[in-house]
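Enquirer: Sequence first, then the predicted structure, then my questions.
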Amino acid sequence: MGKMDLVNNADLQSPPTKELSDTKRLCDETDYKMAKRQNLGCFFVGSDGPRHRGNRLLSNSEQLPDTELPPEVEEGNIEYKLKLVNPNPSRLEHLVTQMKWRLREGQGEAVYEIGVCDNGKLAGLCRDEMDASIDTLRTMSKLADAECIVLKEFNVADNKTVSNVPTPAFLKPPVPKMAWGEVEDKNEKTASSSSSALTPDKFVCEVLIRRSQDEDCMWTDLRVAMLGNVDAGKSTLCGVLTHGELDNGAGKARLNLFRHLHEIQSGHTSSISREILGFDKQGRMFNYENHSIESILDCSSKIITFIDLAGSQKYLKTTVFGLTGHCPDYAALVVNSKQGLVGTFREHLGLTVALRVLSFVCITKIDGTAPTTVRRCRMQIENILKGPAVRRPAYVVSSLSDAEDAALQIRERTPVFMVSAVTGDNLSLLHHFLSRLKPALSPEARTQALQAAPRFSVDGVLTVTGQGTIITGLTTKGTIREEDTMLLGPFGDKSYQEVKVASIQCNRLPRRLAKCGQSVSLGFHNLERTPRKGMILQSPSYESYCVEEFTAEIYILQHTSSSKLKRGFEATVFIDSIRQTVEIIDMDREITTGQKTKVKLKFVQFPDVISVGSRLFFRNGRTKGMGTVVDIVKIPSRIRTSGSGETSANSDLVLDELN
């Protein structure tokens, strides 16, 4: 009965094939591998709805096309079931797993043909068996967090439609048993004839299963950036936490996070990769060891998204973009106990301070390091954390109660964990700490952001064959829903384009909405031009503008040149998801390392959207600095609708022409 239907059941009258434990293991492994292959934005719902890898069978006409349908295929979202009568608990568990498989194949929708054999033969069911099968399907849908909608029902005996009501099954009032067998012709309600006695009614039914999404049952999403020097063990630690399998001492665990061949060959991260770890309300952990990505999201009330960043100085701009564009709530500063505070550790620590990202420290590889060396490394960390640059003294976590206190006091003190990814030492303390972390935003600020009109920051652009252009990024305000009309921009001509959201994916799974604080991928119906990183997607209720020049207060962290910073200096600036070159066109005074001033900056390549109060970081070679935007010069924009039609300017707010 499809790719996932491997367990015998009396209602299918088939010989036993495998044990349930083997089936569950296979389902989890297959789901996990599929999720790893899909990545972000790989399969999207198009304008014509989810792809069905098969034909819609019973709903294509008012009469049955033939006595047989095409044989069932292993892949796709269409499932044949002869009958589903009183399955035992083990069988029901497997059927729910199979339904989730079909829902994933159909990007949130699946079609069940009841009363149909695997080979497509329309065997049909009597009224009692069909009712029992529909009831079982409703139970399965509820357990799979989906809704059950009866599309059409046929009587195989007389080839007539019995029902064709696209209403959710759980909303239907109870129907008397005799009503199911009634036909439209009242004359046929008389006493049964001899021919009807010889040909009893047999029914087949087509049912749509659609994944439901309760807006009040969304998980809390926390983002943790992994920072530290090369060979500190960032990817290995992240792999062990998210996959539940200890490292072999040779970097086996980190292979799960690498995205490129050269990363596997060198053992060094050069790109931004993401993995998730889930916790429920009781603090129980869900990772890839025994759960698929879908199971983790279904079971968890809190999702920790690890953002694995590069430690090499060569990829510093990628690391900085990961901190500014992906907006992590926390940063994990990973230190190799054998090496101590070397390489880019101090620089990464300075970035967290400059961007005001709360951090904690993980000292790794303690299993192969002498206790005196570990102690010396810990003392170095304590000294730098209590210094004037950080002013958050270290708090060494050595028990579960310490982990609890560390999560509550992370704004005042910096938790320090000493762990091993090979032996698993103290990983339970780190798990407990992560389960107790709260969003960096205050509850009041989070509520205000959720209630605002939707706004989305673009940090990536993908081109998917058959789906067009996909954008990835962070929902910074409000809630984005499918079919919402929004504005994307600004483009190079200072214009915005009106677009309609066609599909949403969060953590590689299709969703109907994206809430504030969630990183998602979006597909569109009518995207006419190619977007770029740094753009915004926003509700039409917002003012549409762009910025070419702005004023900022900057502080020079490092400047090795003998000359001071002066007008005409160019650097790469990082503001939220924006990364482009700026030029100093005016400044109060020339400055060097350790000094600050107010400067006027201009974007060199194209206009972007920034707001007053945004934190910024800039660099040019070894010159690095940070600052805050204090003033902007808004340029009114126009909107280009689909077909290049333009809207006129609004008297309250001037809109930009989207292209």
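Expert: Looks like it came in fine.
Enquirer: Please report the distance of V390 from R356.
Expert: When distance is defined by Cβ to Cβ, to the nearest Å, V390 is 12 Å away from R356. No exception for glycine: its C-beta is placed from N, CA and C like everyone else's.
Enquirer: neighbour-wise, which of those two wins?
Expert: Taking neighbours as other Cβ atoms under 10 Å, V390 and R356 compare with V390 leading, 16 against 8.
Enquirer: sec struct for that one, please.
Expert: When states are read from DSSP: H, G, I helix; E, B strand; the rest coil, the local structure at V390 comes out as coil.
Enquirer: Dihedrals phi and psi, it?
Expert: Backbone dihedrals for V390, given as degrees, to the nearest 10, come out at phi -110, psi -50.
Enquirer: Isn't it up against E412?
Expert: No: applying Cβ atoms under 8 Å, one finds V390 not in contact with E412, separated by 11.8 Å.
Enquirer: got any ranges where the stretch 451-600 of the chain has weak pLDDT?
Expert: Scanning the stretch 451-600 of the chain for pLDDT under 70 picks out nothing.
Enquirer: for it, what spans make up the strands?
Expert: With strands called from DSSP state E, counting those that start in this stretch, the stretch 451-600 of the chain shows them at 455-464, 468-477, 479-481, 485-489, 495-506, 509-511, 513-515, 519-524, 536-538, 545-558, 570-575, 578-587, 596-603.
Enquirer: So which elements touch the second one?
Expert: If I follow you right, that is strand 468-477. Using 3 or more Cβ pairs under 8 Å, 6 or more residues apart in numbering; DSSP states H and E, the elements in contact with strand 468-477 are strand 455-464, strand 519-524.
Enquirer: how about these, which one is nearest F306?
Expert: Nearest to F306 among the helices and strands packed on strand 468-477 is strand 519-524 (12.0 Å), distances taken as Cβ to Cβ.
Enquirer: okay, the strands of the stretch 451-600 of the chain in a markdown table with mean neighbour count next?
Expert: Below are the strands of the stretch 451-600 of the chain laid out as a markdown table (neighbours: other Cβ atoms under 10 Å):
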| stretch | mean neighbour count |
| --- | --- |
| strand 455-464 | 19 |
| strand 468-477 | 22 |
| strand 479-481 | 19 |
| strand 485-489 | 24 |
| strand 495-506 | 23 |
| strand 509-511 | 21 |
| strand 513-515 | 22 |
| strand 519-524 | 24 |
| strand 536-538 | 25 |
| strand 545-558 | 20 |
| strand 570-575 | 20 |
| strand 578-587 | 18 |
| strand 596-603 | 19 |
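Enquirer: And those: which comes nearest V633?
Expert: Between V633 and the strands of the stretch 451-600 of the chain, the shortest gap by Cβ to Cβ is with strand 545-558, which sits at 4.8 Å.
Enquirer: Which strands and helices lie in contact with the closest one?
Expert: Secondary structure elements in contact with strand 545-558, counted by 3+ Cβ pairs under 8 Å, 6+ apart, are strand 596-603, strand 615-620, strand 623-636.
Enquirer: need these in a markdown table with distance to Y112, can you?
Expert: Formatted as a markdown table, the entries for the helices and strands packed on strand 545-558 read as follows, by distance: least, Cβ to Cβ, whole Å:
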| stretch | distance to Y112 |
| --- | --- |
| strand 596-603 | 54 |
| strand 615-620 | 52 |
| strand 623-636 | 53 |
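Enquirer: just those: most buried one?
Expert: By mean neighbour count, with neighbours taken as mean count of other Cβ atoms under 10 Å, strand 615-620 ranks first of these at a mean of 21.
Enquirer: List the contacts of it.
Expert: With Cβ atoms under 8 Å, 6 or more residues apart in numbering as the test, strand 615-620 has contacts from 316-317, 320, 324, 351, 354-356, 552, 554, 569-575, 582, 624-629.
Enquirer: cool, stretch 385-400 as well?
Expert: Outside stretch 385-400, the residues that touch it by Cβ under 8 Å, 6+ apart are 349-350, 353, 361, 378, 381-382, 384, 402-403, 405-406, 409, 412-418, 426, 428-429, 432-433.
Enquirer: Can you flag which of those residues belong to helices?
Expert: Secondary structure defined by DSSP state H assigns 349-350, 353, 378, 381-382, 384, 402-403, 405-406, 428-429, 432-433 of the contacts of stretch 385-400 to helices.
Enquirer: Weed out the non-buried ones from those residues.
Expert: In those, burial by neighbour count holds for 349-350, 353, 378, 381-382, 384, 402-403, 405-406, 429, 432-433, counting by 16 or more other Cβ atoms under 10 Å.
Enquirer: now those in CSV, with pLDDT and distance to N287?
Expert: Putting these into CSV (pLDDT from 0 to 100; distance: Cβ to Cβ, whole Å) gives the following:
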residue, pLDDT, distance to N287
L349, 94, 28
G350, 91, 32
V353, 91, 31
R378, 94, 28
I381, 95, 27
E382, 94, 31
I384, 94, 32
D402, 92, 23
A403, 92, 18
D405, 89, 25
A406, 93, 21
L429, 95, 16
H432, 91, 14
F433, 94, 15
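Enquirer: what's the closest of those to H268?
Expert: Proximity to H268 was ranked across these by Cβ to Cβ; first place goes to L349, at 19.9 Å.
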